[in-house]
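> I would like the atomic coordinates for the input below:
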Amino acid sequence: MELLCYEVDTIRRARPDPNLLYDDRVLQNLLILEERFLPQGSYFKCMQKDIQPFMRRMVATWMLEVCEEQKCEEEVFPLAMNYLDRFLAVVPIKKRHLQLLGAVCMFLASKLKETCPLTAEKLCIYTDNSIKPEELLDWELVVLGKLKWNLAAVTPHDFIEHIVRKLPLPTEKLPLIRKHTQTFIALCATDYSFALYTPSMIATGSVAAAVCGLQLDDGDRSLWGDNLTDLLAKITNIEVTSGFWHKIQIISVKDGQGNVFQEIRADILVDCLKACQELIETVLVDNLRQVRQQQLEEQNGRNKAVKEVDQSSTPTDVRDVNL
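Now for the predicted structure:
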């Protein structure tokens, strides 16, 4: 009798539902609902006095590291950042409570998206036990109340499959495109510059950046530069509804008889998509530069430590002795 030992992934993941992905009404409803879950204005200017943008970036980076180490669903981190931004937009807090707020937001997001959510005890360990589980649970009720229990927020991940399936992309490249798109979305969530962008705008910009970054526009002309942007604008604007007035500029025009009618300027959406994609690429370059700088500093620190060890610190290492 042979004993076979192998690792089994005990985490169960939901499979995509084709009934939801291939119905354009789902995409239209997402476009209508996404505005309800945006933070109300720039809270650093009008609400937060003790919190600065760099502090948000620090706690966001920590939250992303926790989600990656715990192998959370890709939606958990952007959803947690949505909770954090919406809470900070309505409640002023002290900077000593920012990490606690981030832990609570991850706690709530994992409950909504994970089959095995993060526990309060585990999150407290990730804070070096600077907070207690009881404190985290108390803040959970506070955050839920301020968010009015509206936790099923629309995130950029909700748009990925709706966008990707409508693009003429090679099938063998789809997993890589999704992975790069998810990476760009996580990058956007860590940067406050994207806090007021709609999830659909971030998703389309991330897909465009992924396609261009992987150089998939060499073969199909529809994936070239402006053609890709125009195609993405059409995908995320299937039907003009009152739900996404911010994406379309509507101008009142009079005809020869004085009758007023509305002219829709869809090119505004194209310009917004271009600006979003360029901002994503700029943030990516800045982050890569910071990572390289950090790696260089760490390498210099290790080299310095090695030199200090090599230097003579006792008389036993004297080279020249004149007797």
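> I'd say Phe194 and Leu279 touch.
Yes - using Cβ atoms under 8 Å, Phe194 is in contact with Leu279, at 7.4 Å. The C-beta positions use only the backbone N, C-alpha and C, and glycine is treated the same way.
> and these two? which has more neighbours close in?
Phe194 (24 against 18; other Cβ atoms under 10 Å).
> could you count how many residues lie near the nearest residue to the more buried one once chain neighbours are set aside?
The spatial neighbour of Phe194 that comes closest, neighbours along the chain excluded (Cβ to Cβ, 6 or more residues apart in numbering), is Cys188 at 4.1 Å. Residues lying near Cys188 (other Cβ under 10 Å) number 28.
> next one: Tyr43
21.
> one more: Glu69?
Glu69 is flanked by 9 other residues according to other Cβ under 10 Å.
> just the pLDDT for it.
In this model, Glu69 is scored at 90, pLDDT.
> ok, it to Pro133 distance?
19 Å (Cβ to Cβ, to the nearest Å).
> okay, buried residues for whichever helix or strand Leu112 is part of please.
Assigned by DSSP states H and E, Leu112 falls within helix 98-113. Neighbour-count burial for helix 98-113 flags 98-110, 112-113 (criterion: 16 or more other Cβ atoms under 10 Å).
> check stretch 196-214 too.
197-212.
> so is Pro168 in a helix, a strand, or just coil?
Put simply, Pro168 is coil when judged by DSSP: H, G, I helix; E, B strand; the rest coil.
> and for Val142, the neighbour number?
The burial count for Val142: 13, using other Cβ under 10 Å.
> now the angle from the helix or strand hosting it to helix 98-113?
In this assignment (DSSP H and E), Val142 forms part of helix 133-146. Here the directions of helix 133-146 and helix 98-113 differ by 70 degrees (axes from the mean of the first three to the mean of the last three Cα atoms, to 10 degrees).
> next SSE after helix 133-146?
By DSSP H and E, the next helix or strand past helix 133-146 is helix 157-164.
> same for that next one, what does it pack against?
Judged by 3 or more Cβ pairs under 8 Å, 6 or more residues apart in numbering; DSSP states H and E, the packing partners of helix 157-164 are helix 24-33, helix 174-190, helix 199-213, helix 225-235.
> buried ones in the shortest one?
Within helix 24-33, the residues that count as buried by 16+ other Cβ under 10 Å are 27-28, 30-31.
> before we move on, what about the last one?
In terms of neighbour count (16+ other Cβ under 10 Å), helix 225-235 has its buried residues at 228-233, 235.
> for that helix, packing partners?
helix 157-164, helix 199-213, helix 267-310.
> over to the shortest one?
Contacts defined by 3+ Cβ pairs under 8 Å, 6+ apart place helix 24-33 against helix 157-164, helix 199-213.
> Glu65 is nearest to which of those?
With Cβ to Cβ, the closest approach to Glu65 among the helices and strands packed on helix 24-33 belongs to helix 157-164: 18.9 Å.
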